[in-house]
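# heads up, no residue letters with this:
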């Protein structure tokens, strides 16, 4: 069975307070009990010392030959405390033993039959004039004191320890009850006090929980109100509150600065892409026009014009990709219409087969058509980019399998190849912009580094996700798109 744990700081503080209070109460109780027991025992010793051996001496001279004069000489038992024990021992053997009864006189004593164990215990009491505690089976526990007699015997006087034990037990009961109620009251009051003292920490925890649920990575975010700080620097808790509020201020300023920087970068990217489209198109048009010149053109000029046209086309595609990303970053809405995803996959695989005849292309589709709601052009671009990525970064002969699975909630498109795989260090940044693969997957062609970032951005704009799992011989890109209200037909 597992022991319960104190998980909260409030519970630990309260438990610590109760433990300290319990230790203090126990120390006070033990000290009081020991002091009372010692005090009452000392009183018994004082009574025994005052009484002396009068009572056991009177027992020594009781008998047929005793007269009144002898009785007066050796003491009067009526002055003895009720329960007083008198014992006479000769050579370790009890010759007389009696106890004073309530209301007794010198002729009315209770004779006590002591067992051999009681005799041994009494015989072991030293004749030093000091009190000693003994446990007797017949009369009970006694505090006794021994004196040497005149006839070589030992005279012992004892008083019962029962009143002392009763008083001590009474104190233990009262102290236990009082301390128990004190602990219960202190536990309740301590829990309330600790709860009140730690309220600022609860507010800090609530504020931190609320902040953790905010989309800090997307767009401009206004942090919630700070934790209340009514007594700055007065206690450790208030210092934590002040430090937490200062931290929130720094975080909010950092988020604001980052948002402004990203907005400037998006604005620059959109403006630059928009402005570059016209000159890039112009350069490409003039190069193509020069190639159509009917007159003789030197071969090196023709080659230069062809390269200008090709690079202009590549630059134009990059500009279009940057402009698309800028629009998606700005949150511009996409088309929202029913899209036949089955048809898009058929077209995309057909185009990939034509662009990469050296690869083995296969397509796995469900029997029924699958439709989603979204932008057909952008979804077509996602599929084209995924297949182009598999073609450009795997060697000829690689098998690329495209699959489609659909249910009532989402559609899953997978693109799997048996190429060399993606290095683990690259996987974490694969969907970031301008990230290129190293090693074998980049052999055979390169791109702008924007294809997979466009896949991730368009998927997110459709409320979907894209992920990758890779190992040598098996790399799978998985695209998930929601299907709110879409059906198959």
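Perfect, thanks for sending it. These numbers were taken from a predicted model, which means no experiment stands behind them.
# Below-threshold pLDDT in the stretch 151-300 of the chain: ranges please.
Residue ranges of the stretch 151-300 of the chain with pLDDT under 70: 217-234, 261-277.
# can you give me the strands for it?
Ranges of strands within the stretch 151-300 of the chain are 154-160, based on DSSP state E, counting those that start in this stretch.
# Okay, helices next: where are they in it?
162-197, 199-212, 236-291, 299-329 (DSSP state H, counting those that start in this stretch).
# Take these and lay them out in CSV including mean neighbour count and distance to residue 340.
Just so you know, the C-beta spots here come from the backbone N, C-alpha and C atoms, and that holds for glycine as well. Shown next, in CSV, are the helices of the stretch 151-300 of the chain (neighbours: other CB atoms under 10 Å; distance: least, CB to CB, whole Å):
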stretch, mean neighbour count, distance to residue 340
helix 162-197, 14, 61
helix 199-212, 14, 41
helix 236-291, 14, 30
helix 299-329, 16, 22
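# can you put the ones you listed in a markdown table and add distance to residue 118?
Listed next are the helices of the stretch 151-300 of the chain as a markdown table, based on distance: least, CB to CB, whole Å:
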| stretch | distance to residue 118 |
| --- | --- |
| helix 162-197 | 16 |
| helix 199-212 | 67 |
| helix 236-291 | 65 |
| helix 299-329 | 102 |
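# Residue 389 is nearest to which of the ones you listed?
helix 299-329 (13.5 Å; CB to CB).
# and after the closest one, which helix or strand comes next?
Helices and strands here follow DSSP states H and E; after helix 299-329, the next one along the chain is strand 337-340.
# What residues of that next one count as buried?
Buried residues in strand 337-340, counted by 16 or more other CB atoms under 10 Å: 339-340.
# any idea how far the next helix or strand after it is from the chain center?
Where DSSP H and E defines the elements, the next helix or strand beyond strand 337-340 is helix 341-355. Offset of helix 341-355 from its chain centre (CA atoms, centre = their mean, to the nearest Å): 51 Å.
# Report the mean per-residue pLDDT for helix 341-355.
The average pLDDT within helix 341-355 is 91.
# swap in stretch 43-56?
For stretch 43-56, the mean confidence score works out to 86.
# Okay, buried residues for it please.
Those would be 44-45, 47-48, 51, 53-56, for stretch 43-56 by 16+ other CB under 10 Å.
# helix/strand/coil for residue 463?
coil (DSSP: H, G, I helix; E, B strand; the rest coil).
# Look at it and say how many residues are nearby.
13 (other CB atoms under 10 Å).
# which phi and psi does it have?
Backbone torsions of residue 463, given as degrees, to the nearest 10, read phi 80, psi 20.
# mind checking pLDDT for the residue lying closest to it once chain neighbours are set aside?
For residue 463, ignoring the flanking residues on the chain, the nearest one in space by CB to CB, 6 or more residues apart in numbering is residue 482 at 5.0 Å. With respect to pLDDT, residue 482 scores 90.
# Phi, psi for residue 482 please.
phi -70, psi 160.
# Domain-wise, how is the protein divided?
1-51+162-197, 54-160, 213-332, 337-482 (automatic domain parsing).
# mind listing what residue 433 touches?
Counting by CB atoms under 8 Å, 6 or more residues apart in numbering, residue 433 makes contact with 325, 449-450, 453.
# which among the residues you listed gets closest to residue 101?
residue 453 (108.4 Å).
# Can you identify the element that follows the helix or strand that contains residue 380 toward the C-terminus?
Assessed by DSSP H and E, residue 380 sits inside helix 376-392. Downstream of helix 376-392, the next assigned helix or strand under DSSP H and E is strand 399-406.
# Can you give the contact residues for that next one?
With CB under 8 Å, 6+ apart, strand 399-406 has contacts from 341-342, 345, 348-349, 352, 359-366, 370, 387, 390-391, 394, 411-418, 483, 488.
# Using PyMOL, define a selection of the buried residues within the contacts of residue 433.
A single PyMOL command is used to select the members of the contacts of residue 433 judged buried by 16+ other CB under 10 Å:
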select buried, resi 325+450+453
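# what's the closest of the contacts of residue 433 to residue 82?
residue 453 (104.1 Å).
# Can you list phi and psi of the residue nearest to the closest one when sequence neighbours are not counted for me?
Among residues not flanking residue 453 along the chain, residue 433 sits closest, at 4.4 Å (CB to CB, 6+ apart). Main-chain torsions, residue 433, degrees, to the nearest 10: phi -80, psi 140.
# tell me the contacts of residue 415?
Going by CB under 8 Å, 6+ apart, the list of residues near residue 415 reads 386-387, 390, 400-402, 476-477.
# Can you flag the buried ones in those?
By 16+ other CB under 10 Å, those give 386-387, 390, 400-402, 477 as buried.
# Kindly present those residues as TSV, with separate columns for distance to residue 204.
Shown next, in TSV, are the buried ones among the contacts of residue 415 (distance: CB to CB, whole Å):
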residue	distance to residue 204
386	45
387	51
390	50
400	53
401	52
402	51
477	42
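# any idea how far residue 194 lies from residue 364?
Distance of residue 194 to residue 364, computed by CB to CB, to the nearest Å: 63 Å.
# rewinding a little: and the two most separated of the contacts of residue 415?
Pairwise across the contacts of residue 415, and taking CB to CB, the largest span is found between 387 and 476, at 13.3 Å.
# tell me which element residue 416 falls in.
strand 410-417.
# Okay, buried residues for that strand please.
For strand 410-417, by 16+ other CB under 10 Å, it's 410-411, 413-417.
# Centre of the chain to that strand, how far?
Using CA atoms, centre = their mean, the offset of strand 410-417 from its chain centre is 38 Å.
# so what strands line up beside it?
When pairing is defined by DSSP bridges, strand 410-417 lines up against strand 399-406 (antiparallel), strand 474-482 (antiparallel).
# right, and these - which one's nearest residue 252?
strand 474-482 (32.7 Å).
# what angle sits between the closest one and helix 341-355?
150 degrees (axes from the mean of the first three to the mean of the last three CA atoms, to 10 degrees).
# and for strand 474-482, what are the contacting residues?
For strand 474-482, the surrounding residues in contact (CB under 8 Å, 6+ apart) are 341, 372, 374, 379, 382, 386, 389-390, 409-419, 421-422, 455, 459, 462-470.
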